[in-house]
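Asker: One predicted model, sequence on top.
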Amino acid sequence: MGNIEYIKLGLTIVTSLASVLGFYHKFIMSQIDKKVDQKIYDSEVSNIKQQTKYNYINLENRIVLVSDDVKVIKEYLLNNRK
């Protein structure tokens, strides 16, 4: 085998390795992207759950206040009938 054949063989091996490494890099990066996307999604869902819970508690408290106000108004109207 001459020097040219060794160079061709070396270039073929290097090209093959670069191709495999390129594919592996893309695969790893896609897996990382999926995990990052999942963590972002989980974080957003958690924030939405917390906000919904807060809104529910706030709404419940306001309903109680309105109910108390309605009782006072009803009592006032009943006591001030002519």
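Answerer: Cool, the structure landed.
Asker: since we're on Val14, how many residues are nearby?
Answerer: By other C-beta atoms under 10 Å, 10 other residues sit near Val14. C-beta coordinates here come from the backbone N, C-alpha and C atoms, glycine included.
Asker: Is it within a helix or a strand, and which one?
Answerer: Assigned by DSSP states H and E, Val14 belongs to helix 3-79.
Asker: quick one: average pLDDT of that helix?
Answerer: For helix 3-79, the mean per-residue pLDDT is 92.
Asker: which residue is nearest the middle of this protein?
Answerer: What sits nearest the mean C-alpha location of the chain, by C-alpha atoms, centre = their mean, is Tyr41, with 1.4 Å.
Asker: so what's that one up against?
Answerer: If you count contacts by C-beta atoms under 8 Å, 6 or more residues apart in numbering, Tyr41 has none.
Asker: What of Thr52?
Answerer: Counting by C-beta under 8 Å, 6+ apart, Thr52 has no contacts.
Asker: what separates the residue nearest to the centre of the chain from Val70, distance-wise?
Answerer: Separation of Tyr41 from Val70 (C-beta to C-beta, to the nearest Å): 42 Å.
Asker: so how many other residues sit close to Leu9?
Answerer: 11.
Asker: Kindly report the same for Val20.
Answerer: Val20 has 10 neighbouring residues, counting by other C-beta under 10 Å.
Asker: Likewise for Lys49?
Answerer: By other C-beta under 10 Å, 10 other residues sit near Lys49.
Asker: now the one 10 residues further on
Answerer: Counted with other C-beta under 10 Å, residues neighbouring Leu59 total 10.
Asker: If anything else comes up later, I'll come back, but that's it for now.
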